[in-house]
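K.L.:
attaching a predicted model along with its sequence, questions to come.
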Amino acid sequence: MTQPADQPLPIEDYALIGDCKTAALVGRDGAIDWLCWPRFDSAACFAALLGKRENGRWRIAPASPDVTVSRSYRDDTLVLETVFETAEGQVAIVDFMPIGAADTSVIRLVEGRRGRVAMRLELNVRFDYGVTVPWVTQLEDKSGVSIIAGPNGITLRCPVDLTGEELTTVADFTVEAGQTVPFVMAYAPSHLPPLAPIDAEAALVSTEQAWRDWSGRCTYKGEYREVVLRSLLTLKALTFGETGGIVAAPTTSLPEQLGGPRNWDYRFCWLRDATLTLMALMAGGYFDEAQAWRDWLHRSIAGAPDQLQIMYGIAGERQLMEWQVPWLVGYQGAVPVRVGNAAAGQVQLDVYGEVMGALHRARESGLASPASAWDLQRTMIDHLATIWDQPDEGIWEVRGGRRNFTFSKIMAWVAMDRAIKDARTYGLDAPLDQWCALRDLIHETVCREGFDPHQNSFTQVFGRAPLDASLLLIATVGFLPADDSRVIGTVAAIERGLLVDGFVLRYRTETNVDGLPPGEGVFLPCSFWLVGAYHQQGRMEEARALFIRLLGLCNDVGLISEEYDPAAKRLVGNFPQAFTHVALIAAAFDLVEI
């Protein structure tokens, strides 16, 4: 395998390992190019993914450049095995992060499978998103090195000699058939003593067992079990176990357009993911995780209803200040690199629908609700009643000014509808006559202002012609039935106006609705939504064909990003993307009609 030393791999050439605290991306070349420690939202200590080798990476690979590579996850786990074939033999690197441990660590086992293979280790730790060069010293017991800068401390223990070359820790060693060489890297605050040594083999056994036990709880037995379970495992890996929050992706600033400026930080928890995430987890039999997510939701949105945010930090943090990282050149030149997300301060009315939908689904499934849950919902509905008719930034978090987005109004209707259903079903106190009247008013307004009879389609914005793929969800959320002529017309219009190579754009960026230069990939969750729309219309052959094509965009270990570039035939956007995996799961359940 040949790859420019200072060029990150194609996005699809990475795999994920994680411990439900943070996650790392491991490339097919044996390099860990992205890791934020000790949490998903911590500053990266390996940031070569968004820069160059000197911005932090850890590579272990055969010394010879002439290799062939294959990789897979071990069974239904998050333990990654990368196999390198060389002229001298075969060697595997087993990468994982122990799950359930009090501390967080990365373990890499180099296993000789055949012959005798010369190996090379190169380690550049660069704290603070690739800029801070640490102090590297030998551990007192000579078992490895200590790597410290500011509050951050890392230890690397291994049975090979480590030396320094031009601010890089390196090692040359050989591995023979039947031999395993362990490398254990652990994080601890720098003011604490180094963590005690970890038994790498025992950690592998316990980690594999923990993931297998978790996978064994999956109740989905349908035709697409393998891809559904891999998606559920990915959602689990993106869960911050201490709080139950689920990050949208473990990365920031992987571009939605190769070389472009559409680069955002996704290491936060979006409320709009709540309903589909709950449905995906519960459909797969994972009610504990759904309960933890629901509890995170309650804690995060608690407070004044006019301060509801569209996203929060993994523990419910609200201040997600956005800034740019000038010393990183961006993924294959895509700048700026952003940390934080200014969209946290936007008004997005659809969030109310997603929150009410999530809590409604939780009640239906018997998840316990805090005593204050209904009071919180009533307060939110009362606030929504005063703002539903105002413009907002919409589901796509546009930065081109607020508008009366049709989907936002539809989701305001969803919020009212689900609150009414909960009040009636569970005997909860509510002004039902008032709420029903408002629900009807919203519905009538959307059908009048958001539908274009000339296109026979609902439109992105009231009174304007552009299309929007979020409108594929009209029947899914129950606003209108799938056989309504207006819904059929909307799907047909989206097919005419938003398909590229059979996949779905969110909207036409040339309209400048988002305030950014035009151009981005097709949006993969929307493409899975089209599978659902086909299914609802009884177009099963088209639904299944599109679903199979979409599965073909997953990489060799079953992971998928936010978008796809049909011209370059590359995954683009942050990776792996929870929202896409959730949409994949929903489409798979549709197709097997469970």
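P.N.:
Received the coordinates, thanks. Residues are numbered from 1 along each chain as shown.
K.L.:
from Tyr73, how far off is the nearest residue to Phe96 once chain neighbours are set aside?
P.N.:
In space, Phe96 comes closest to Val79 once its chain neighbours are excluded; the distance is 4.4 Å by CB to CB, 6 or more residues apart in numbering. From N, CA and C alone the C-beta is placed, and that goes for glycine too. Going from Val79 to Tyr73 by CB to CB, to the nearest Å gives 6 Å.
K.L.:
same check on Ala61?
P.N.:
From Ala61 to Tyr73 the distance is 19 Å (CB to CB).
K.L.:
and what of Thr22?
P.N.:
Distance, Thr22 to Tyr73, using CB to CB: 18 Å.
K.L.:
what kind of secondary structure is Ala588 in?
P.N.:
Recorded secondary structure, Ala588: helix (DSSP: H, G, I helix; E, B strand; the rest coil).
K.L.:
low-confidence ranges in the stretch 301-450 of the chain?
P.N.:
371 (pLDDT under 70).
K.L.:
if we use 90, what do you get?
P.N.:
Where the stretch 301-450 of the chain drops to pLDDT under 90, the residues are 301-306, 308, 355, 358-359, 361-373, 376, 399-400.
K.L.:
who has more neighbours out of Thr22 and Tyr73?
P.N.:
A direct count of neighbours by other CB atoms under 10 Å for Thr22 and Tyr73 places Thr22 higher, at 26 against 20.
K.L.:
that one reaches Thr104, doesn't it?
P.N.:
Yes - applying CB atoms under 8 Å, one finds Thr22 in contact with Thr104, separated by 6.3 Å.
K.L.:
now the common contact residues for these two.
P.N.:
Counting by CB atoms under 8 Å, 6 or more residues apart in numbering, the shared contacts of Thr22 and Thr104 are Trp37, Pro38, Met97.
K.L.:
export those residues to JSON lines and append columns for pLDDT and distance to Tyr352.
P.N.:
Shown next, in JSON lines, are those (pLDDT from 0 to 100; distance: CB to CB, whole Å):
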{"residue": "Trp37", "pLDDT": "97", "distance to Tyr352": "36"}
{"residue": "Pro38", "pLDDT": "97", "distance to Tyr352": "34"}
{"residue": "Met97", "pLDDT": "98", "distance to Tyr352": "36"}
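K.L.:
could you dump those residues to a markdown table with secondary structure and distance to Tyr187?
P.N.:
Below are these laid out as a markdown table (DSSP: H, G, I helix; E, B strand; the rest coil; distance: CB to CB, whole Å):
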| residue | secondary structure | distance to Tyr187 |
| --- | --- | --- |
| Trp37 | coil | 5 |
| Pro38 | coil | 5 |
| Met97 | coil | 10 |
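K.L.:
okay, these in a markdown table with distance to Glu317 and neighbour count next?
P.N.:
Formatted as a markdown table, these follow (distance: CB to CB, whole Å; neighbours: other CB atoms under 10 Å):
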| residue | distance to Glu317 | neighbour count |
| --- | --- | --- |
| Trp37 | 18 | 25 |
| Pro38 | 15 | 15 |
| Met97 | 23 | 25 |
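K.L.:
can you report how many residues lie near the closest residue to His581 other than its chain neighbours?
P.N.:
Closest residue to His581 apart from its sequence neighbours, by CB to CB, 6+ apart: Ser231 at 3.9 Å. Neighbour count for Ser231, taken as other CB under 10 Å: 27.
K.L.:
now for the strand or helix carrying Ser231, which elements pack on it?
P.N.:
Assigned by DSSP states H and E, Ser231 falls within helix 225-237. In terms of contacts (3 or more CB pairs under 8 Å, 6 or more residues apart in numbering; DSSP states H and E), helix 225-237 is packed against strand 14-18, helix 200-216, helix 274-283, helix 578-592.
K.L.:
can I get the ones you listed in a markdown table with mean neighbour count and mean pLDDT?
P.N.:
Output for the helices and strands packed on helix 225-237, formatted as a markdown table (neighbours: other CB atoms under 10 Å; pLDDT from 0 to 100):
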| stretch | mean neighbour count | mean pLDDT |
| --- | --- | --- |
| strand 14-18 | 25 | 98 |
| helix 200-216 | 16 | 97 |
| helix 274-283 | 24 | 80 |
| helix 578-592 | 24 | 94 |
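K.L.:
how about those in JSON lines, adding distance to Leu480?
P.N.:
Output for the helices and strands packed on helix 225-237, formatted as JSON lines (distance: least, CB to CB, whole Å):
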{"stretch": "strand 14-18", "distance to Leu480": "38"}
{"stretch": "helix 200-216", "distance to Leu480": "38"}
{"stretch": "helix 274-283", "distance to Leu480": "18"}
{"stretch": "helix 578-592", "distance to Leu480": "18"}
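K.L.:
of those, which approaches Phe503 most closely?
P.N.:
helix 578-592 (12.1 Å; CB to CB).
K.L.:
tilt between the closest one and helix 225-237?
P.N.:
Counting by axes from the mean of the first three to the mean of the last three CA atoms, to 10 degrees, helix 578-592 points 150 degrees away from the direction of helix 225-237.
K.L.:
distance of Pro518 from Ile198?
P.N.:
Look at Pro518 and Ile198: by CB to CB, they are 50 Å apart.
K.L.:
just Ala587 next, same as before
P.N.:
40 Å.
K.L.:
ok, now which ones touch the residue nearest to Gly463 when sequence neighbours are not counted?
P.N.:
Counting by CB to CB, 6+ apart, Gly463 lies nearest to Glu449, which is 6.2 Å off, once chain neighbours are set aside. Neighbouring residues of Glu449 by CB under 8 Å, 6+ apart: Asn404, Thr406, Phe462, Gly463.
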